[in-house]
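[1] Show me how the following folds:
(chains A and B)
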Amino acid sequence: MTLKIYNVLTRKKEEFVPLTPGKVNMYVCGPTVYDYSHIGHGKTYVGFDVVVRYLRYSGYDVLYVQNITDVGHMLDTGEDRILKKARQLSAGPMQVVETYMREYFNDMDALGVQRPDISPRASGHIPEQIEMIQELIDKEHAYVVDGSVYFDVTSFAEYGKLSGRIVEELEEGARIGVRSEKHHSADFALWKKAEPEHILRWPSPWGDGFPGWHVECSAMANKYLGQTFDIHGGGIDNIFPHNECEIAQSEAAHGEPFARYWMLTGSLTLDGVKMSKSLGNTLTIKDALAKYRPEAIRAFILSSHYGSPIDFSDEAIEAAHKGWLRLWGAVSLVREQLRSAAEGEAETAVIDLLNNTKNSFIEKMDDDFNAPAALAVLQEFTRQVNTLINEKGPHTKGTLNAIDALYRELGGEVLGIVPDQAEASADAEREDGLVRLLINLRAQARAQKDWATSDQIRDQLKELGIVLEDRADGTIWKLE
RNA sequence: GGCGACGUGGCCAAGCGGCUAAGGCAGAGGUCUGCAAAACCUCCAUCACCGGUUCGAAUCCGGUCGUCGCCUCCA
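    Just a heads-up that it's a prediction; the model follows:
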């Protein structure tokens, strides 16, 4: 079994061979922290979260770097988006950055996204960026105009190789009369001269200024991962110009290939329309989490391949949620039975089922991280588990533990949609005890065919969001 | 206008040259059940359209129609 990755650079699915055996160096473009993260960020970073989780599950030692952009990302108007936000809030730019960066991590934590190993900030790597820009000037890939530095796209023959753009054609589509100090309309800023009112500024060999957006990723990827590294990820919407510029800068400066495998995620639309900050039709992760549990959101995101676009709608996430509920129901049932199961080894038929499931799951994930197909394997497995538990019980501890372990491994460790436990807190334990007490009282009523009392307990618990299910072997409860 | 992606059952979505076209949601019928819920079983598609390549195509090629993304800030 070998892992295959669709490489956007070659437009082909390729066998994944890391630069150093057993080791994966990976960089993913992170967010610009000037506002709350939206569900589109969620799709991208949950997608890469599963990629990283699966690589680690496969035995790779992954170094995962994801930057935080906190300077240099300009609006159309030429205004730095962080400075704009700072002005709106009457706050300092780094206060804005700190606020939204923390919110970003909170949101990702809530979604079960494991943190990157390194989260470098652009503003913390100005010397590295200046050094890289100087190198590009020395090698005549960049030129200085009035305190600003631009990359000369005509000096890098391969410019456009990732996105399929052709420099000559870019000329035509360019807006007129803007950035007239550039030699070519496709040239992009490496360093911008700071106007007096621009307070995000640093000294440089070319005067006070600030770095362009693209150069941070090149400089920081180089610092933490080396000139050539294995995987570069990001959202497809950044393929041009951002990713293209990263390649140009890095390869022009170092004369070595930049990233070897490019993985780009499809965009998320909201009710059929592309979500964008300028259109204002954004759904923040916080809003989504207020309505749906994180596992449901992850299951929704993983219901289509990472490279495909996906449309967020109430119906779609509701469907994903119910599908997840079925899976979670089986897991809960297994764990419930485990409380009272007899000692004993796992049954051989079950061991076969587990092995087959695991092999299929790995086969799907090895095929360019096909999470939706892997999820289908877990659903198929769930049907068999339900049959096993409902019709062929009771089972030994060994059997139930083995099933639970596979759910934890594939559904938990890799996909991040099967929690270790429903909830871990003193309150949760107390709640469980109380509900079980009521279940016992209700069982006594049922034994006496006192359906009125029995139904009253069930109905009133339901109003509290607690659902009871009567099974042949007893009553179980779950949160609605 | 240029570049790219996509169009699979009511909805979502795998499959990308050859076993009965995965899986989830919804729907219909059934089993089980004090009732309910859950679960399980059964049923529900020939893959936008047209033409071509091939022994054989949802899968490859060409065309038509349609949707979306990028080209300007976006994950």
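
[2] residues near whatever residue of the stretch 101-250 of chain A ends up closest to RNA strand B, how many?
    Taking C-beta to the nearest atom of the strand as the measure, the stretch 101-250 of chain A has residue A:235 as its residue closest to RNA strand B, at 2.2 Å. Glycine gets a C-beta too; all of them are placed from N, C-alpha and C. Using other C-beta atoms under 10 Å, residue A:235 has 23 other residues around it.

[3] Flag the shaky bits of the stretch 251-400 of chain A, pLDDT-wise.
    A:277-278 (pLDDT under 70).

[4] give the contact list for the residue in it that RNA strand B sits nearest to.
    With C-beta to the nearest atom of the strand as the measure, residue A:323 is the residue of the stretch 251-400 of chain A nearest to RNA strand B, at 2.2 Å. Residue A:323 is in contact with A:299, A:303, A:379, counting by C-beta atoms under 8 Å, 6 or more residues apart in numbering.

[5] Confirm that it sits in a strand.
    No: applying DSSP: H, G, I helix; E, B strand; the rest coil, one finds residue A:323 to be helix, outside a strand.

[6] From residue A:105, how far off is it?
    Per C-beta to C-beta, to the nearest Å, residue A:323 is found 28 Å from residue A:105.

[7] that older thread, tell me the bridge partners for the residue of the stretch 101-250 of chain A closest to RNA strand B.
    Note on residue A:235: beta-bridge partners by DSSP bridges are residue A:265.

[8] what does the stretch 301-450 of chain A put close to RNA strand B?
    Contact residues (C-beta under 7 Å from any atom of the strand) of the stretch 301-450 of chain A with RNA strand B: A:303-305, A:308-311, A:315-316, A:318-320, A:322-323, A:325-326, A:329-330, A:364, A:367-368, A:370, A:372-373, A:375-376, A:379-380, A:382-383, A:386-387, A:390, A:446.

[9] quick one on the thing from earlier: just the buried members of the contacts of residue A:323?
    Listed as buried from these are A:299, A:303; burial here means 16 or more other C-beta atoms under 10 Å.

[10] Inside strands: which ones of the contacts of residue A:323?
    Using DSSP state E, the subset of the contacts of residue A:323 located in strands is empty.

[11] quick revisit: mind checking how far the residue of the stretch 251-400 of chain A closest to RNA strand B is from residue A:438?
    Using C-beta to C-beta, we find residue A:323 at a distance of 30 Å from residue A:438.

[12] now swap in residue A:217 and tell me
    For residue A:217, the distance to residue A:438 - C-beta to C-beta - is 56 Å.

[13] Who has more neighbours out of the two?
    residue A:217 (29 against 17).

[14] do you know how far residue A:30 is from residue A:357?
    35 Å.

[15] Those two: which has the busier surroundings?
    residue A:30 (26 against 21).

[16] SS state for residue A:85?
    helix.

[17] ranges for the helices of the stretch 151-300 of chain A?
    Assigned by DSSP state H, counting those that start in this stretch, the helices in the stretch 151-300 of chain A fall at A:167-173, A:213-225, A:244-254, A:285-291, A:294-301.

[18] Return the set of buried residues in stretch A:350-361.
    Applying 16+ other C-beta under 10 Å to stretch A:350-361 flags A:350, A:353-354, A:357, A:360-361 as buried.

[19] Kindly indicate which of these lies nearest residue A:199.
    residue A:361 (52.0 Å; C-beta to C-beta).

[20] Just say helix, strand or coil for the closest one.
    Going by three-state DSSP: residue A:361 is helix.

[21] Report whether the expected contact of it with residue A:377 is present.
    Yes: between residue A:361 and residue A:377 there is a contact at 4.7 Å, judged by C-beta atoms under 8 Å.

[22] residue contacts, the closest residue to residue A:270 other than its chain neighbours?
    Leaving aside its sequence neighbours, residue A:270 sits nearest to residue A:312 (C-beta to C-beta, 6 or more residues apart in numbering; 5.2 Å). Going by C-beta under 8 Å, 6+ apart, residue A:312 touches A:39, A:268-271, A:275, A:283, A:300.
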